[in-house]
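> okay, structure incoming, though there's no sequence with it:
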Ligand SMILES: [Zn+2]
């Protein structure tokens, strides 16, 4: 009989895998625990590796635009979301995001000129904004 270092159960020697590096020639963990630990280890590796090794995002103009916004500040992100949710004017965007007017202006300029994620159009007196990729 040998005690497993993980589940601490005493089991027959046949219940342990071979490990020639050990004095008794057996793994310190029973076969069941070894299997579980191996599976857990694989799952951990997989979970950690996913962001780096996962499949590339589906290439599309819309997802690209969103990805671009995400790299920038939370204000630009908020403004982008507000426009996507239906806000069309500076004022509507400011109301929806609850950002200061200056911050909205800055974020709009960012999205418009730098990230090219949104477009703008002058309709009568009102300047309107829209999601470019949509
Ligand atoms: Zn065990």
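Perfect, thanks for sending it. Here the structure is a predicted model, which means the values were calculated and not measured.
> for the ion, what are the nearby residues on this protein?
Counting by CB under 5 Å from the ion, the residues of the chain lying close to the ion are 4, 6-7, 30, 33. Bear in mind the C-beta positions are built from the backbone N, C-alpha and C, glycine included.
> just these: which are in helices?
residue 33 (DSSP state H).
> Serialize the residues of the chain next to the ion to a markdown table and add fields for distance to residue 92 and pLDDT.
Formatted as a markdown table, the residues of the chain next to the ion follow (distance: CB to CB, whole Å; pLDDT from 0 to 100):
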| residue | distance to residue 92 | pLDDT |
| --- | --- | --- |
| 4 | 65 | 95 |
| 6 | 60 | 93 |
| 7 | 62 | 95 |
| 30 | 65 | 95 |
| 33 | 60 | 94 |
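> buried subset of the residues of the chain next to the ion as a ChimeraX selection?
Buried subset of the residues of the chain next to the ion, written as a ChimeraX selection, criterion 16 or more other CB atoms under 10 Å:
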select :4,30,33
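> let me have the residues of the chain next to the ion in TSV, extended by distance to residue 45.
Listed next are the residues of the chain next to the ion as TSV, based on distance: CB to CB, whole Å:
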residue	distance to residue 45
4	24
6	19
7	23
30	23
33	18
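> which of the residues of the chain next to the ion lies closest to residue 14?
Using CB to CB, residue 30 comes nearest to residue 14 of those, at 10.0 Å.
> isn't that closest one up against residue 11?
Yes. The criterion here is CB atoms under 8 Å, and residue 30 meets it with residue 11 at 5.3 Å.
> for stretch 109-123, measure first residue to last.
From its first residue to its last, stretch 109-123 covers 18 Å (CA to CA, to the nearest Å).
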